[in-house]
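>>> could you look at this predicted model? Sequence included:
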Amino acid sequence: MVHIPKKRLPKFFSCPKCGKETVRVEIFREDGHAVARCSSCGLKEEFPIKPAQGEVDVYCTLTDRVYGSTKRATVTNVKKE
């Protein structure tokens with residue numbers, strides 16, 4: 001009989017700012033918020049959470065906020081000839 005170990009979510013995540021795996025997410029369910037903090041570059045964000053959200057959901061929100069804040073070039077008023 002072969003024992004297959006159960007996969008677990010990571011304790012540390014990759015930082016979207018510095019790239020090191022030093023982001024840790026703390027969830028405070030009684031207060032309804034979470035804090036994502038990078039111990040390498042000092043990035044720190046606080047988020048309101050829903051009861052069903054976990055650490056990985058908060059990390060995804062962090063990456064969305066960091067990558068979403070970069071300005072992207074957009075094309076507007078393009079005329080077809």
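The structure has been received and is ready for your questions.

>>> isn't Trp13 up against Arg37?
Just to correct that, residue 13 is Phe rather than Trp. No - taking contacts as CB atoms under 8 Å, Phe13 lies outside contact range of Arg37: 10.7 Å. Where you see a C-beta, it was placed from the backbone N, CA and C, and this is true even at glycine.

>>> who's more crowded, those two?
Phe13 (21 against 16; other CB atoms under 10 Å).

>>> show me what contacts that one?
Glu21, Val23, Arg24, Val25, Val56, Tyr59 (CB atoms under 8 Å, 6 or more residues apart in numbering).

>>> list the residues that contact both of Phe13 and Arg37?
Val23, Arg24, Val25.

>>> closest to Thr63 out of those?
Val23 (9.3 Å; CB to CB).

>>> tell me, how many neighbours does the closest one end up with?
27.

>>> ok, what's across the strand from it?
Val23 forms beta bridges with Phe13, Cys38, as assigned by DSSP bridges.

>>> same check, this time on the one 5 residues further on
Here Phe28 sits in beta bridges with His33, as judged by DSSP bridges.

>>> quick check: pLDDT value at it.
Reading off the confidence values, Phe28 has pLDDT 94.

>>> so how far is Thr63 from Pro5?
According to CB to CB, to the nearest Å, Pro5 stands 27 Å off from Thr63.

>>> out of these two, which sits in the busier spot?
With neighbours defined as other CB under 10 Å, Pro5 and Thr63 compare such that Thr63 has more, 16 against 5.

>>> in a helix, that one, correct?
Yes - assignment of Thr63 by DSSP: H, G, I helix; E, B strand; the rest coil places it within a helix.

>>> since we're on the nearest residue to Leu62 once chain neighbours are set aside, how many residues are nearby?
Distances taken as CB to CB, 6 or more residues apart in numbering put Ala36 closest to Leu62, at 4.4 Å, once the chain neighbours are dropped. Ala36 has 25 neighbours, counted by other CB under 10 Å.
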